[in-house]
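In: just coords:
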Ligand code: ADP
């Protein structure tokens, strides 16, 4: 059964991991699709705003073209090198003004987005005739070749368009064609947030479905484990009670057999001894049945006979009686309270406290200490022992009906797993609580709390 549960858990965990991975993959695919869709939207909107730079400021653009022509002329006449031409093109004064104009146009025509951009010059080629090209420079898009814009890097931007421009130039009766190519790169401020907002429904739904699946899985596994524990505890109880019943029944069987012998019946001493044994075993059977019956009541079904009692005196009397039954146990008291009056059921609480004291002895203790304390409006009684202790992972079930820490019927100590269950029921019926603090091999402390 345990193996089957472990297998089921392992299988469900794998299935959950696969499902989560598939879900993440789908969300990532949706995210990539939304990013591509967003880029296309921005490209289209920018295309709708401006197609080339002359629609931004034609006068400025023609002045700039005039400058290009002068630069070409200087190059043809050998007055300037290729590098000097490139430097002057990239650094000329028109660029700043055009940057401001394009920026303003974006702000006015695309008010929903805050756009950073860079237009980089890729090619600057002079053609003497279609076959003879003189490449002044031709490079891949590169932020150092920025003509206009406020972007400092092309890393997180995307290409909106390439723009190829041609200008006819005539020098010394010779026709030249100047070809320029530039690229516009754009980055929308907070674009991740815009995409996230567009994906909110998908994200929330997938997170919700994964969370629901995990919760259902945890609930199902918890229920399964609890059911398994309950069934183990019940099996344990059946083993324990069978074990407990076997001895008195066997003794009764033997006693009846002995009584069948005539010579035994005629000897008064032997006869009485056998009758006493039968009576003792009968009482034992009766007390076992009483224990099971007494614990079949729920906490709200227990009828308490409450009365005002001096709690310290009450505890002393229980301890005194206990000492008579267990003279070898060293039991000490440390009462930090005095004359606390509580309304309690003497009979049931005596049994509950005795259950805890007797458990201490049953589970290896030689020394017990009983303390009382006041915490604000709470009165506490703690019973500390130096017995075998209880490991942390066993403590949650300790107050459950029939629960015993040892498994199976191979117990060194007798019991039905009802003592602490009874304690808990009685304390709850008094609207109090009981808790355990322990570690395996380090003794145990059981603390009762009552409202003053
Ligand atoms: P029982 O003693 O009949 O088994 P209880 O309900 O009294 O049943 O106790 C439940 C289990 O808690 C016990 O089987 C025992 O393993 C553990 N236990 C109770 N008291 C102590 C203690 N003082 N020290 C160590 N283990 C304890």
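Out: Right, received. Where do you want to start? The shown structure was predicted, so the numbers you read here are calculated from the model rather than taken from an experiment.
In: please count neighbours and contacts with C-alpha atoms only from this point.
Out: Noted.
In: what are the structural domain limits within the protein?
Out: Residue ranges for the domains of the chain, per automatic domain parsing: 50-191, 301-451.
In: and the shortest one, what's its mean pLDDT?
Out: Confidence for domain 50-191, expressed as mean pLDDT, is 83.
In: between the domains of the chain, which gets nearest to residue 250?
Out: domain 301-451 (16.9 Å; C-alpha to C-alpha).
In: and that closest one, end to end?
Out: This stretch, domain 301-451, spans 21 Å end to end (C-alpha to C-alpha, to the nearest Å).
In: next secondary structure element downstream of the helix or strand where residue 63 lies?
Out: Using DSSP states H and E, residue 63 maps to helix 58-76. Scanning forward in sequence from helix 58-76 by DSSP H and E, the next helix or strand is helix 82-91.
In: in that next one, what's buried?
Out: 85-86, 89-90 (16 or more other C-alpha atoms under 10 Å).
In: same thing with stretch 202-221?
Out: 203, 206, 210, 214, 217, 221.
In: one more: stretch 37-56?
Out: Those would be 38-39, 42-43, 46, 49, 56, for stretch 37-56 by 16+ other C-alpha under 10 Å.
In: that one: how far from the chain's middle?
Out: Taking C-alpha atoms, centre = their mean, to the nearest Å, one finds stretch 37-56 lying 47 Å from the centre of the chain it belongs to.
In: rewinding a little: closest to the ligand among the buried residues of stretch 202-221?
Out: Nearest to the ligand among these: residue 221, at 25.0 Å, using C-alpha to the nearest ligand atom.
In: need the per-residue pLDDT for the closest one.
Out: 88.
In: on the three-state scheme, the closest residue in space to it that isn't next to it in sequence is what?
Out: Using C-alpha to C-alpha, 6 or more residues apart in numbering and skipping residues adjacent in sequence, the residue nearest residue 221 is residue 9, 7.2 Å away. The local conformation at residue 9, judged by DSSP: H, G, I helix; E, B strand; the rest coil, is helix.
In: packing partners of the helix or strand where residue 240 lies?
Out: Here residue 240, judged by DSSP H and E, is contained in helix 200-259. Where contact means 3 or more C-alpha pairs under 8 Å, 6 or more residues apart in numbering; DSSP states H and E, helix 200-259 is packed against helix 2-49, helix 268-294.
In: contacts only, for the spatially closest residue to residue 284 that is not a sequence neighbour.
Out: Spatially, and ignoring its direct neighbours in sequence, residue 284 is nearest to residue 248 (7.1 Å; C-alpha to C-alpha, 6+ apart). Contact analysis of residue 248 by C-alpha atoms under 8 Å, 6 or more residues apart in numbering lists 281-282, 284-285.
In: residue 19 and the ligand, how far apart?
Out: Separation of residue 19 from the ligand (C-alpha to the nearest ligand atom, to the nearest Å) stands at 42 Å.
In: that residue: how many residues sit nearby?
Out: If you count neighbours by other C-alpha atoms under 10 Å, residue 19 ends up with 14.
In: kindly report the same for residue 168.
Out: 12.
In: between the buried residues of helix 82-91, which is nearest the ligand?
Out: residue 90 (85.7 Å).
In: below-threshold pLDDT in the stretch 351-452 of the chain: ranges please.
Out: Where the stretch 351-452 of the chain drops to pLDDT under 70, the residues are 406-412.
In: among the helices and strands packed on helix 200-259, which is nearest residue 175?
Out: Per C-alpha to C-alpha, nearest to residue 175 of the helices and strands packed on helix 200-259: helix 2-49, 32.5 Å.
In: how far does the closest one sit from the chain's center?
Out: The answer for helix 2-49 is 21 Å, by C-alpha atoms, centre = their mean.
In: tell me what that helix is packed against?
Out: Using 3+ C-alpha pairs under 8 Å, 6+ apart, helix 2-49 is in contact with helix 94-109, strand 158-171, helix 191-198, helix 200-259.
In: ok, which residues in the stretch 251-400 of the chain are in contact with the ligand?
Out: 359-360, 363, 387-390, 398 (C-alpha under 6 Å from any ligand atom).
In: can you pull the phi and psi angles for residue 123?
Out: Note on residue 123: its backbone torsions stand at phi -140, psi 140 [degrees, to the nearest 10].
In: please disregard the earlier target; I meant residue 79.
Out: Torsion angles, degrees, to the nearest 10, at residue 79: phi -80, psi -20.
In: how many residues are close by it?
Out: 12.
In: ok, now how distant is it from the ligand?
Out: 102 Å.
In: next one: residue 83
Out: 90 Å.
In: again, but for residue 381
Out: 15 Å.
In: and what of residue 263?
Out: Taking C-alpha to the nearest ligand atom, one finds residue 263 at 41 Å from the ligand.
In: please apply the same query to residue 328.
Out: According to C-alpha to the nearest ligand atom, residue 328 stands 17 Å off from the ligand.
In: that residue looks like it's in a helix, true?
Out: No: judged by three-state DSSP, residue 328 forms no part of a helix; its state is coil.
In: just give me the neighbour total for the closest residue in space to it that isn't next to it in sequence.
Out: Nearest residue to residue 328, sequence neighbours excluded (C-alpha to C-alpha, 6+ apart): residue 366, at 7.7 Å. Neighbour count for residue 366, taken as other C-alpha under 10 Å: 15.
In: would you confirm that residue 366 contacts residue 386?
Out: Yes: counting by C-alpha atoms under 8 Å, residue 366 does reach residue 386; the two are 6.6 Å apart.
In: quick one, what contacts the residue lying farthest from the centre of the chain?
Out: For the chain, the residue at maximal distance from the C-alpha centroid (C-alpha atoms, centre = their mean) is residue 173, at 80.9 Å. By C-alpha under 8 Å, 6+ apart, the contact set of residue 173 is empty.
In: need phi/psi at it.
Out: phi 60, psi 20.
In: and the contacts of the helix or strand hosting residue 148?
Out: In the assignment (DSSP H and E), residue 148 maps to strand 146-149. The contact list for strand 146-149 (C-alpha under 8 Å, 6+ apart) reads 89-91, 95-96, 98-99, 103, 116-121.
In: which of those residues are buried? Put it as a PyMOL command.
Out: Typed into PyMOL, the line below selects the buried ones among those, using 16+ other C-alpha under 10 Å:
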select buried, resi 89+90+95+98+99+103+116+117+118+119+120+121
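In: closest to residue 348 out of the contacts of strand 146-149?
Out: For these, the nearest to residue 348 is residue 116 (80.4 Å; C-alpha to C-alpha).
In: that closest one against residue 191, yeah?
Out: No: under the criterion of C-alpha under 8 Å, residue 116 makes no contact with residue 191, lying 11.2 Å away.
In: in a helix, residue 155, correct?
Out: No: counting by three-state DSSP, residue 155 falls outside a helix, being coil.
In: compute the number of surrounding residues for it.
Out: Residues near residue 155, counting by other C-alpha under 10 Å: 10.
In: quick check on it: phi, psi?
Out: Here residue 155 shows phi and psi, under degrees, to the nearest 10, equal to phi -50, psi -50.
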